[in-house]
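Colleague: Sequence first, then the predicted structure:
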Amino acid sequence: MHITKTRGVSKRLCEPNTQNPKNPEICFGGYDGGAEVGFEGDWDSAKFTELKAVLQAAKDKASESESCTELVSVNGHEVSVDASGARAGLLYRFKFTLGGVTFFIHHNPPKSRQAIRVRYGAMALIGRSLFDVHVVVLALLLELGFTVTKETVSRIDMQVTMSINAQELLGLIGAGHAIAKVRTDVLRRKSGNDQTYELGKRGRLQLCIYDKSAELQTMAVSNPAKFQLMVDEHLGADYSFDKPLTRVEYRLWRDVLRLLEIDTVDDLRKLETDLVSFFTSKWFRLLERPKDEVKSRENRVAVHPLWEKVQATFIRFFPGEGKPIEPVSFKRDKPITCEPNALLKQAKGCLKTAMALMFGTQSTVNNVYDTLFAWVDGMKHEVFVGLNERAHKLQVVTGLAVHREHDENVLAAKRRVDDWIRRLQYERGRCFG
């Protein structure tokens, strides 16, 4: 699987260092490993049958291997097949890796469900553009006999890594310079030093700032292949662990991507500059002065020079389509509830509260009935019109067929209400028609 190394992620972008011109600063950015995309679509039945046979045979051999993996050729590509599948919403029977990209294949995908999920690992994205890798993946799926009809991005991490001392940046947060849209955050320390800052909720939207140099020291031992790739593509052969490096990373999951109307990788490309601008200026920023000193004036206080550098670096590495930056909008449509019993319970609770506030404690049940049905009588025409409008909307928007005139449960309930009203009319000489 050949992937060109262009756009989106820099191999190694060196910034001039005014204090030490012979030691340029390291600066790179792009999409981090862990990005996930799901695909719905149609299989070529003959090719799919052949693919499943190859993967199943490799899976059986992998279960007998110490590594629990088996190398096998798929359409001329050597892939590593796992002995077990994986659960990612659906249970995917087959799991294989190619070029740092992990593929999850469902053996018998239900309609309108994701037949394939793809996870872009760090080894696939170091020194490469997510968009370039994605084009190659789409071509491979077509080659395997799968035609994509729907694409859904479920996880994206956007990062920049810079020659900034993590202690200095995290120290500003600890000193109260941070302005954020959310309040859930954690500042972790190790051996007396600030090391990691997390803001937001995992599974929705999260900011993570951490000491990348400290992580690289661990990586050099635990994953030397990945570390060497980082050196080759980003750090340079003259890199040493005493060089300060800080990573600033925004993590987006499906719940937030849906609100941003980002479904496809192409949607992401169009909005990436708007996103990083919003995240670094509106959602979180570091002020030049502590926020306690500038209460109610936060929007008029300058951003700290270190954070200005972060903002500019994000814009640089996430250029989108080159269009002017526009405000980000979150699409929060009101959900259409289609469970009548739940709505009736809600309506009952609202009526009880409203009547209690208006009339206070009642002495008899009949007093409550009188008040309630007097209100219903005054509202019957409005309810009639609104009911028909809602029924039409439910049918058109959700596809539900709403025909309840002949529902036996509804008819029985109506008869009970009619009998009860007649009894009130006869017993008390009142008519609520």
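Modeller: Yep, that arrived. These numbers were taken from a predicted model, which means no experiment stands behind them.
Colleague: residue ranges for the helices of this protein, please.
Modeller: Ranges of helices in the chain, per DSSP state H, are 45-62, 122-125, 130-144, 166-174, 212-222, 224-230, 254-259, 265-278, 305-317, 340-359, 365-393, 408-428.
Colleague: Identify the residues contacting residue 114.
Modeller: 38, 39, 40, 89, 90, 106, 152 (CB atoms under 8 Å, 6 or more residues apart in numbering). Where you see a C-beta, it was placed from the backbone N, CA and C, and this is true even at glycine.
Colleague: Quick check: the fifth one vs residue 279, distance?
Modeller: Spatial separation of residue 90 from residue 279 under the definition CB to CB, to the nearest Å is 31 Å.
Colleague: Which of these two has more residues huddled nearby?
Modeller: Neighbour count, other CB atoms under 10 Å: between residue 90 and residue 279, residue 279 has more, with 21 against 17.
Colleague: per-residue pLDDT, the more buried one?
Modeller: Residue 279 is assigned 97 on the pLDDT scale.
Colleague: For burial, what's the neighbour tally of residue 376?
Modeller: 12.
Colleague: actually residue 322, not the one I typed
Modeller: For residue 322, using other CB under 10 Å, the count is 6.
Colleague: Include distance to residue 82 when you put the helices of the chain into a markdown table, please.
Modeller: Listed next are the helices of the chain as a markdown table, based on distance: least, CB to CB, whole Å:
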| stretch | distance to residue 82 |
| --- | --- |
| helix 45-62 | 6 |
| helix 122-125 | 16 |
| helix 130-144 | 17 |
| helix 166-174 | 36 |
| helix 212-222 | 20 |
| helix 224-230 | 18 |
| helix 254-259 | 24 |
| helix 265-278 | 25 |
| helix 305-317 | 33 |
| helix 340-359 | 42 |
| helix 365-393 | 47 |
| helix 408-428 | 50 |
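Colleague: and of these, who's closest to residue 291?
Modeller: If you check each of the helices of the chain against residue 291 by CB to CB, helix 166-174 wins as the nearest, at 10.9 Å.
Colleague: what's the distance between the closest one and the middle of its chain?
Modeller: In terms of CA atoms, centre = their mean, to the nearest Å, the centre of helix 166-174 is set 27 Å apart from its chain centre.
Colleague: Give the buried residues for it.
Modeller: 166, 169, 170, 172, 173 (16 or more other CB atoms under 10 Å).
Colleague: Stretch 111-126 too?
Modeller: In stretch 111-126, counting by 16+ other CB under 10 Å, buried: 114-126.
Colleague: Out of those, the closest to residue 370 would be?
Modeller: In terms of CB to CB, no member of the buried residues of stretch 111-126 lies closer to residue 370 than residue 114, at 56.3 Å.
Colleague: What score does the closest one have for pLDDT?
Modeller: pLDDT at residue 114 comes out at 95.
Colleague: mind checking how far it is from residue 331?
Modeller: 22 Å.
Colleague: got it, and residue 374?
Modeller: 42 Å.
Colleague: So for the two, which sits in the more crowded spot?
Modeller: residue 374 (11 against 8).
Colleague: Can you give me the pLDDT of that one?
Modeller: pLDDT, residue 374: 81.
Colleague: cool, the one 10 residues further on as well?
Modeller: In the prediction, the pLDDT value recorded for residue 384 is 82.
Colleague: residues near it, how many?
Modeller: Neighbours around residue 384, by other CB under 10 Å: 10.
Colleague: residues touching it, list them.
Modeller: So residue 384 contacts nothing (CB under 8 Å, 6+ apart).
Colleague: try residue 301
Modeller: Residues near residue 301 by CB under 8 Å, 6+ apart: 287, 288, 289, 294.
Colleague: what phi and what psi does the backbone show at it?
Modeller: Backbone torsions for residue 301, taken as degrees, to the nearest 10, come to phi -90, psi 140.
Colleague: Distance of it relative to residue 285?
Modeller: Distance from residue 301 to residue 285, by CB to CB: 10 Å.
Colleague: if we can go back for a sec, just the ones of the contacts of residue 114 in strands?
Modeller: Using DSSP state E, the subset of the contacts of residue 114 located in strands is 38, 39, 40, 90, 152.
Colleague: Verify the stated contact: the first one with residue 149.
Modeller: No. With contact taken as CB atoms under 8 Å, residue 38 and residue 149 are classed as non-touching, separated by 11.9 Å.
Colleague: Comparing these two, which residue is more hemmed in?
Modeller: residue 38 (20 against 11).
Colleague: which residues touch that one?
Modeller: 89, 114, 116, 117, 118, 151, 152, 154.
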